[in-house]
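Colleague: Dropping a prediction and its sequence here:
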Amino acid sequence: MIEAPLFQPNGKPSGSVALPADYFDGTVNEPVMHQAVKAFLANQRQGTHATKTRRWVTGGNQKPWKQKGTGRARAGSTRSPLWPGGGTVFGPHPRDYTQDIPKKVRQLARRSSLNARAREGFLSLVESLDFSGPKTAQLAALLKAMGLTGKKVLLLTHGIKKNVYLSGRNIPLLEVMPYGDVATYNVLWSDAVVVERGALTGEAIESEAADTDAAPKKKTAVKAPKAPKAPKAEKATKAPAVKKTAKPAAEKKARAKKAAPKPKDGK
């Protein structure tokens, strides 16, 4: 069981809390975290870099001098890569750097990063942060009371809290984001992680589920039962077809001889 210190919104410590065992079980998979960080950084690249080859450089259509007789080296274009102002050889061209990793691998990397910070003792919990407006001084006082001044701090809120985000936007080395949007890179970038208690316990989620259960359900129209279909009339059975027997070949030849015309005399 991994425990984390708990702080009040004013920065006063109030003991320690056991983290959920089904998520914080001490699993730290470094190769998976490395893969997730590489994919995250690669996906930040635009891939719009481009250079002009001799195909795209303007000019160079005319041969600078004749092939023989000048004593100079042969040249066919002033836009050759050997010339100043010529095209670039093997330069970068636009490409897509996107790397996609499986969903379960991404989840394992995120879980491993949070477990690593919890095992190192750099993960803390704080009670609900509900600011009536942007309070930069109040949030800075909280971090100072927690001993996190001058450190890279990742503050994870329970859901989207605009006032908390605006309060920490002007504090150096502080990054504020919802707990559900955190990536492995964000956790490993920070020196300390501060999580709102409600984001881990899920108390607000349970209350939302209770509210939806208590709300009246919409009435659905009851469909009238369909009338039973009339039974289909039985089809009359056909008499079995009588197969025609083939006549013997001898009878066919005899009939053919009778039908043939007789030859006239003298011919």
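Modeller: Received it, and whenever you're ready, just let me know what you need.

Colleague: helix/strand/coil for the residue nearest to the spatial centre of the chain?
Modeller: By CA atoms, centre = their mean, the chain has its centre lying nearest to Asp100, at 6.8 Å. Assigned by DSSP: H, G, I helix; E, B strand; the rest coil, the conformation of Asp100 is coil.

Colleague: what's around the residue lying closest to it once chain neighbours are set aside, how many residues?
Modeller: Nearest non-adjacent residue to Asp100, counting by CB to CB, 6 or more residues apart in numbering: Ala39, 7.4 Å away. In this view, the C-beta of every residue, glycine as well, is placed from N, C-alpha and C. Per other CB atoms under 10 Å, the neighbour tally for Ala39 reads 20.

Colleague: likewise Val32?
Modeller: Neighbour tally, Val32, other CB under 10 Å: 22.

Colleague: my guess is it is in a helix, correct?
Modeller: Yes - assessed with three-state DSSP, Val32 lies in a helix.

Colleague: excluding its backbone neighbours, what's nearest it?
Modeller: Going by CB to CB, 6+ apart, Val32 has Ala109 as its nearest residue, at 4.6 Å.

Colleague: mind listing what that neighbour touches?
Modeller: Asn29, Val32, Met33, Gln35, Ala36, Val37, Thr184 (CB atoms under 8 Å, 6 or more residues apart in numbering).

Colleague: any idea how far the second one is from Phe90?
Modeller: Spelled out, it's Val32. In this view, Val32 and Phe90 are 34 Å apart by CB to CB, to the nearest Å.

Colleague: What of the last one?
Modeller: In this view, Thr184 and Phe90 are 34 Å apart by CB to CB.

Colleague: Quick check on the two: which one has the bigger neighbour count.
Modeller: Thr184 (25 against 8).

Colleague: Was I right to think that one contacts Ala39?
Modeller: No - here Thr184 does not reach Ala39: they are 9.1 Å apart, not a contact under CB atoms under 8 Å.

Colleague: circling back to that earlier point, in a helix, that's where the residue nearest to Asp100 is, yeah?
Modeller: Yes - Ala39 sits within a helix when classified using three-state DSSP.

Colleague: Show the contacting residues for it.
Modeller: By CB under 8 Å, 6+ apart, the neighbours of Ala39 are Gln99, Asp100, Ile101.

Colleague: Can you tell me how far the closest residue to Pro20 other than its chain neighbours is from Ser113?
Modeller: Using CB to CB, 6+ apart and skipping the chain neighbours, the partner closest in space to Pro20 is Leu200 (6.0 Å). Applying CB to CB, the value for Leu200 to Ser113 is 15 Å.

Colleague: Output the below-cut-off pLDDT ranges for this structure.
Modeller: 202-250, 252, 256-267 (pLDDT under 70).

Colleague: List the contacts of Ala118.
Modeller: By CB under 8 Å, 6+ apart, the neighbours of Ala118 are Ile2, Ala4, Leu19, Phe24.

Colleague: Hmm, the second one is touching Pro13, no?
Modeller: No - between Ala4 and Pro13 there is no contact under CB under 8 Å: 11.4 Å.

Colleague: who's more crowded, these two?
Modeller: It is Ala4, of Ala4 and Pro13, that has more neighbours when counted by other CB under 10 Å, with 22 against 12.

Colleague: Now the more buried one. Its backbone dihedrals?
Modeller: Ala4 adopts backbone torsions of phi -140, psi 140, taken as degrees, to the nearest 10.

Colleague: Could you measure from it over to Gly15?
Modeller: Counting by CB to CB - Ala4 and Gly15 are separated by 10 Å.

Colleague: Equivalent analysis for Val28, please.
Modeller: 26 Å.

Colleague: out of those two, which sits in the busier spot?
Modeller: Val28 (16 against 8).

Colleague: you'd agree that one is up against Arg119?
Modeller: Yes - counting by CB under 8 Å, Arg119 is a contact partner of Val28 at 7.0 Å.

Colleague: What helix or strand is the closest residue to Gly26 other than its chain neighbours located in?
Modeller: Excluding the flanking residues, the one nearest Gly26 by CB to CB, 6+ apart is Asn115, at 5.8 Å. Per DSSP states H and E: Asn115 is located in helix 103-120.
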